[in-house]
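A.B. asks: what would the 3D arrangement of this be:
(chains A and B)
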Amino acid sequence: MTLVEMVPTDVDVLRRRLHDVLPAGVDEATLRVVDESSEWLAVRRGTVLPARSGFDGGAMLTIWADGGVGHAATSDVSDAGLRAAAQEALRWARATAGRTVPIAPPSLTTGGVYASPVTTAWDTTDLADRIELLRSRDAELDAGELIVDRSATLGRRDVHSVLVSTAGGAIDQRFAFTYPMLAVTAARAGDAQTRTYGAGAFCGQGGTEVLDRFGFHAAAGSLAGEAIALLDAPNCPTGTMDLVLAPDQMVLQIHESIGHPLELDRILGDERNYAGTSFVTPDMFGTFRYGSDLLNVTFDPTVEGQLASYAFDDDGTPATKQHLIRSGILERPLGGSLSQQRAGLRGDPLDGVANSRACSWNRPPIDRMANLNVEPGTSSFDELIGEVEYGVFLRTNTSWSIDDSRNKFQFSTEIGQVIRDGQLAETVRNPSYRGISREFWRNLSGVGDASTFAVMGTPNCGKGELNQMIGTGHASPVCRFSGVEVFGADQ
Amino acid sequence: MIDPQYFDDLVTTATAGLTGDEVLLTSIDTEATDFVRFNNAKVRQAGNVRQATLSLDLIEGKRHTQATVELSGERGLDDARVAGVVEHLRAQRAVVPEDPHLIINTEPTETSQIGTDELPDRDDTVAAIVDGAGDRDLVGVYTAGPTASGFANSLGQRNWFQTSTFSLDWTFYLRADKAAKAAYAGFSWDDAAFDRTLRDAAGKLDALARTPVDLQPGEYRTYLTPSALDEIIGLLSYGAFGARAQQTSQSSLLRLLSGHDELDASVRISEDTANGIAPNFQEQGFLRPDEVVLVDEGKAADALVSPRSAIEFGLEANGAAGDESPRSLAIGGGGLDVEGALAELGTGLYVGNLWYTNYSDRPACRVTGMTRFATFWVEGGEIVAPVNVMRFDDTLYSLLGSKLEALTAESEFIFDNSTYERRTPASVRLPGVLVGGMKFTL
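C.D. replies: This is a model prediction of the structure:
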């Protein structure tokens, strides 16, 4: 897609330039260059919104000197620009030396490449065809006069990230992301109900084939019908009951109540002023029962086509699949090499994962989720539902809130369905549920098999100071929980 | 950092390359930001970000396409990038349909507002923060430097808004989640003012050291500080006040708009551009009025109307950005002396901060969220003990309506410290709120 020359990304050239621009007195340095192009198309209520392209590029220089570390991000990647950035980074390293948390140089010597698997690249399609695709979906969302708003959206980003170091490391990764979305709102008499295509979770790496993974081309009609039906649906029942969650709600449940509390930088306190702390403490790893025996959670950057798959994190650590929770027992945190080093220095030696990630060239990496997945179990969907005497089956996240230690949560979904005597029954609207993370996961009473498993992602996860928005991957089967406090809108 | 002359020259060159009846709209956001992140009163990350993002909208008739491109600050390189983007937009425009909701400002204005740079020396500031924290557990972030927003079009309009600010947003932690949040932000650093802020935050730690209490779910008399109210108002800023959300029944103020529900008659909410720190022009070059009243005497008033929504829904535009979110939202004060807020509360909850607000019932404007940082149980107007975090779930029509007892006379000016993608010149001005009963659920 790149039609505008932004930043050079040749590994050998960048390695040479890094050496050329460094001032004297540098112990180690890395140069991370990101070149990104994007396209966002949308049709709303029959109107094609202006096509929006993005061309972004810049460099982050990180320098270790005199016991300090300094970062300098610049969109000027000329020799003069990089030289000025190197001076800035060195000055920051020296200004903070003696006042920093322990941060040893990474001595990055790794080399390697990664490229998103793409079956059919978007560049093989015409803009006119892409617009027509969205026009058709938008028109299909128009199911009558109760529909007050509707939109079909397609976003795609091509990101090329190169990391080189003075220690000889060179990592070259190319990503192709696709973000399809449908949304439809029906309204009547002071009430409005919205249905979406997975609330944005049906995204991933790849080209046009990403749209086929969740049936984008056939989804509009049923979404519009459900939005209208929700206007007449009863409120979600209130009470303590069994709760069955579809994968497009499990995404959020995993993200908020497993992912964030396991981030090692939160456990080390970095995020306490903003994103929050964690109820998880270092002594819990290896013994703490996070969930029932059925709970198996992996950090897996190797899943083909998942949103946050990669071969190396932004510190250059090779990325491999690791269990974080096995048979309900907490095993390891989401902590990159630096966080592991810091925890070790505090007397808490912990094995982590390769999850040190930056949202772009203008932010330094921090611990993030990547692909954080609940592994499939053995129950079919019919078995999960069939064993429920009374409960609800909820789909598609619409609201989320959790405390800063990641304990007390309350989530809502777009649509629910009562389960009565082992059968799915009437549709209900405005469903919500709340609980406390550890109790909730310990009440996991059924995990769907591979036939219920879906590979999804969260396009926008916010964290960090400076703030960073990044995509995370989540895959999950349908899951069932017992004894959950469920309620509707009128409570 | 890119200056107005550079921006002017860049757009002038791009304008010279236009063909036919093309019109080019551009806007820019640029910054040179120093940042220092702290944990345990030590530096976690420190550095500098220099960036400049140019947005372009290439129009001919009713057809147009848009792009953003990062600028390097090197004139030859940036001219080539802009020319490449214009060529790309021109090629795309050939295949897109007409946009019936396109409108451009054909009355060019020229404005320039450049604040003085009185920022402190960064090395001295890092030392002052670390030394000021002493042996306390300080965690947070310091940002400083100039930011600028500009607009220019091929019709000759030029607008520039530049300011140099600093912000130290931090928390003193006592243990686990018991902490006192504070902020010190402005245009020039004052050692005495910083010391006062440090002492105020440290003073709260004494009360936080007491044995915390667990409250049972229920309804409690509550005082919300301006910072706590900011978390609720911040949620409303996404869609509640925008014309598009209101016209398509997606605004959370649906029942206020229909007259089904009202807020207390003392509540007045406005987009107060004249007293904020945001530019007085939006990204398409339309000027913002000094004030747009959104809620008056507890009833719905105007919406924030972007030029696009004005055409789409037959309304009058009022300088709103495309997202129709406020940049300088203000709620008028009331009659409660902030110094007497605890006494007036009597027995109940003092909520210093709320956190992670979201809707539990959007059409009813029912909001849920958590207490955070310094939240105390108060008896007889005196702080008794910190309160372990609680979840609230209540409607705006209760909190600022039927259960509202008083707004403080003084409003607090709160800088927006968001740094997603870039630093944001935005703010809110809010009073404290005394609520007769606020619902807590977990």
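A.B. asks: surely B:Thr15 is in a helix?
C.D. replies: Yes. Using DSSP: H, G, I helix; E, B strand; the rest coil, the assignment for B:Thr15 is a helix.
A.B. asks: gap between the closest residue to it other than its chain neighbours and A:Arg438?
C.D. replies: Distances taken as C-beta to C-beta, 6 or more residues apart in numbering or on different chains place B:Ser154 nearest to B:Thr15, at 4.2 Å, with adjacent residues excluded. Any C-beta I mention is one placed from the backbone N, CA and C, and that applies to glycine too. Separation of B:Ser154 from A:Arg438 (C-beta to C-beta, to the nearest Å) stands at 60 Å.
A.B. asks: same question for B:Gly17.
C.D. replies: The separation that B:Gly17 has from A:Arg438, given C-beta to C-beta, amounts to 62 Å.
A.B. asks: bridged to A:Leu61, which residues?
C.D. replies: Under DSSP bridges, the beta-bridge partners of A:Leu61 are A:Leu31, A:Ala72.
A.B. asks: give me the number of residues near it?
C.D. replies: 29 (other C-beta atoms under 10 Å in any protein chain shown).
A.B. asks: tell me the secondary structure for B:Ile277?
C.D. replies: Assigned by three-state DSSP, the conformation of B:Ile277 is coil.
A.B. asks: which strands and helices sit next to the helix or strand where A:Gly435 lies?
C.D. replies: Applying DSSP states H and E as the criterion places A:Gly435 in strand A:432-436. The contact analysis (3 or more C-beta pairs under 8 Å, 6 or more residues apart in numbering or on different chains; DSSP states H and E) places strand A:432-436 against strand A:408-420, strand A:479-487.
A.B. asks: now A:Cys461. Nearest residue, chain neighbours left out?
C.D. replies: Per C-beta to C-beta, 6+ apart, closest to A:Cys461 is A:Thr472, 5.0 Å.
A.B. asks: so the one you found, which state does it fall into?
C.D. replies: A:Thr472 - assigned by three-state DSSP - is strand.
A.B. asks: residues contacting it?
C.D. replies: A:His255, A:Gly259, A:Leu307, A:Ala308, A:Arg368, A:Met369, A:Ala370, A:Asn371, A:Leu372, A:Gly457, A:Thr458, A:Cys461 (C-beta atoms under 8 Å, 6 or more residues apart in numbering or on different chains).
A.B. asks: what bridges to B:Thr171?
C.D. replies: Beta bridges link B:Thr171 to B:Val139, B:Lys181, judged by DSSP bridges.
A.B. asks: backbone dihedrals for A:Met250, please?
C.D. replies: Torsion angles at A:Met250 (phi, psi; degrees, to the nearest 10) stand at phi -60, psi -30.
A.B. asks: for A:Gly386, see how far away the nearest residue to it once chain neighbours are set aside is.
C.D. replies: Nearest residue to A:Met250, sequence neighbours excluded (C-beta to C-beta, 6+ apart): A:Ser476, at 3.7 Å. According to C-beta to C-beta, A:Ser476 stands 20 Å off from A:Gly386.
A.B. asks: looking at the two, which one has more neighbours?
C.D. replies: A:Ser476 (27 against 13).
A.B. asks: now the top helix by length along chain A, how far from the centre of its chain.
C.D. replies: What stands out as the longest helix in chain A, according to DSSP state H, is helix A:79-96. Put simply, helix A:79-96 sits 32 Å off its chain's centre (C-alpha atoms, centre = their mean, to the nearest Å).
A.B. asks: that older thread, do you know how far the residue nearest to A:Cys461 is from A:Phe175?
C.D. replies: Relative to A:Phe175, and taking C-beta to C-beta, A:Thr472 is found at 14 Å.
A.B. asks: do B:Arg268 as well
C.D. replies: 48 Å.
A.B. asks: check B:Asp78 too.
C.D. replies: Here B:Asp78 is placed at a distance of 26 Å from A:Phe175 (C-beta to C-beta).
A.B. asks: more neighbours: which of those two?
C.D. replies: It is B:Asp78, of B:Asp78 and A:Phe175, that has more neighbours when counted by other C-beta under 10 Å, with 24 against 20.
A.B. asks: a helix runs through that one, doesn't it?
C.D. replies: Yes. Judged by three-state DSSP, B:Asp78 forms part of a helix.
A.B. asks: okay, the closest residue to it other than its chain neighbours: pLDDT?
C.D. replies: Spatially, and ignoring its direct neighbours in sequence, B:Asp78 is nearest to B:Leu71 (4.9 Å; C-beta to C-beta, 6+ apart). You'll see B:Leu71 listed with a pLDDT of 98.
A.B. asks: now B:Leu71: how far from A:Met6?
C.D. replies: Taken as C-beta to C-beta, the span from B:Leu71 to A:Met6 is 10 Å.
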